[in-house]
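1. Turn this into a structure:
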Amino acid sequence: MTGTVRYEIEHVSRYRYAFPARECVMLLCLKPRGDRGQRLLNFEIETSPSASVTGETDCFGNVRHVLYLHREHDGLEITARSTVEPAFPEPLPERLGAGAWRELLSWGESVDHWDFIRPSALARPSTLLDEFVSGNGIERTDDPLEGLLRLSRELHRNFSYVPGSTSAASPIDDILQSGRGVCQDYAHVMIAITRSWGIPARYVSGYLSETGRPGEQAVGNATHAWVECLLPDLGWIGFDPTNQSLVDQRHVRIAAGRDYQDVSPTRGVRQGGGETSLEVDVQVIQKGAGERTSPEI
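-> Reported below is the predicted structural model:
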């Protein structure tokens with residue numbers, strides 16, 4: 001499929017406190033990237049009550065915003081609006097060249113891809129991971145691309161997508177033990193296995209369009225997470241094990257990091273406020289031509 005697809009996205013985070021807070025400092029990771037074929041046409045952040053918001057770029061090239069609110073408030077609403085034209089991926093070859101594994105393993109001898117080859121906080125080896133890999137016959141194949149596609153299929157086959165079954169801080173052992181999780185769990189397991197093979201892998205946060213009909217609003221929370229793996233001659237290739245698919249024009253990239261902790265949409269500290277509740281509402285409206293799909297998110 002070729003052409004242009006445009007998404008208008010509104011991402012609202014509503015924090016409610018048990019009693020007024022006196023001060024709040026937050027780090028926001030909500031701005032979609034404008035690179036690798038994805039075009040960011042517009043982005044803005046609005047807060048209620050109004051707060052100071054300044055931008056910065058982290059070590060992975062993601063744009064973050066630091067929010068400062070230095071007065072009493074009983075809640076905080078953060079609204080990020082984006083207009084994005086996603087990238088249309090190039091077709092992949094059936095296999096990589098004969099020397100692909102040799103080149104991949106040589107990358108492990110340098111520091112260039114250190115962050116994405118070594119284990120990270122939420123994507124690390126464990127006894128349950130070893131048992132899952134051996135129990136399902138998951139292993140490196142002769143061709144890295146073929147092996148990654150098989151791995152994505154195996155994760156989709158073995159896990160059930162169950163919203164609320166895990167939390168943002170859940171280790172991969174939770175989904176490995178119960179077989180139930182959400183997109184970030186699928187991504188963390190794939191990253192842990194892929195890195196154990198010597199393939200650089202990173203966690204990507206973003207949005208997934210549930211509809212291909214122009215002007216139709218997606219239903220529910222459209223935040224999503226997937227995996228990008230670095231392959232010889234191809235560069236970073238996106239895999240979506242939650243939906244057993246390659247990343248395509250339905251996916252809008254926000255940020256990439258070692259795991260969820262590097263790219264969480266909002267995090268911060270405050271003085272006062274007591275118990276806090278968070279409600280997130282995301283709307284993705286497609287403005288271009290497309291095919292109707294019903295992926296899991």
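2. centroid residue for the chain?
-> Central residue of the chain (Cα atoms, centre = their mean): Ser205, 2.2 Å from the mean position.
3. Skipping adjacent residues, who's closest to that one in space?
-> Nearest residue to Ser205 in three dimensions, chain neighbours excluded: Val263, at 4.3 Å (Cβ to Cβ, 6 or more residues apart in numbering). Every residue, glycine included, has its C-beta placed from N, CA and C.
4. repeat for Gly34
-> Leu40 (3.7 Å).
5. Pull out the buried positions in stretch 80-90.
-> By neighbour count with 16 or more other Cβ atoms under 10 Å, stretch 80-90 contains the buried residues Ala80, Arg81, Ser82, Thr83, Val84, Glu85, Pro86, Ala87.
6. Give me the distance from that stretch to the chain's centre.
-> 14 Å (Cα atoms, centre = their mean, to the nearest Å).
7. Let me know the average pLDDT across it.
-> On average, the pLDDT along stretch 80-90 is 95.
8. contacting residues around it?
-> Contacts to stretch 80-90, defined as Cβ atoms under 8 Å, 6 or more residues apart in numbering, come from residues 1-12, 28, 30-32, 36-46, 238, 246-253, 288.
9. So what touches stretch 93-110?
-> For stretch 93-110, contacts defined as Cβ under 8 Å, 6+ apart pick out 113, 117, 140, 142-146, 198-200, 230-234.
10. among the residues you listed, who's most crowded?
-> The residue in the contacts of stretch 93-110 with the most neighbours, by other Cβ atoms under 10 Å, is Ile199 (26 neighbours).
11. ok, for it, nearest residue in space, not its chain neighbours?
-> Spatial nearest neighbour of Ile199, excluding adjacent residues (Cβ to Cβ, 6+ apart): Cys229 at 5.4 Å.
12. which is the next helix or strand following the helix or strand where Glu131 lies?
-> Using DSSP states H and E, Glu131 maps to helix 127-135. Counting by DSSP H and E, the next helix or strand C-terminal to helix 127-135 is helix 144-158.
13. what angle separates that following helix from helix 127-135?
-> Computed with axes from the mean of the first three to the mean of the last three Cα atoms, to 10 degrees, the direction of helix 144-158 lies at 110 degrees from that of helix 127-135.
14. So which bits of helix 144-158 are buried?
-> For helix 144-158, the neighbour count (16+ other Cβ under 10 Å) marks Pro144, Leu145, Gly147, Leu148, Leu149, Leu151, Ser152, Glu154, Leu155, His156, Asn158 as buried.
15. same deal with stretch 53-66?
-> Taking 16+ other Cβ under 10 Å as the criterion, stretch 53-66 shows Val53, Asn62, Val63, Arg64, His65 as buried.
16. need those residues in a markdown table with pLDDT, secondary structure and distance to Glu23, can you?
-> Shown next, in a markdown table, are those (pLDDT from 0 to 100; DSSP: H, G, I helix; E, B strand; the rest coil; distance: Cβ to Cβ, whole Å):
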| residue | pLDDT | secondary structure | distance to Glu23 |
| --- | --- | --- | --- |
| Val53 | 98 | strand | 15 |
| Asn62 | 98 | coil | 26 |
| Val63 | 97 | strand | 24 |
| Arg64 | 97 | strand | 20 |
| His65 | 98 | strand | 17 |
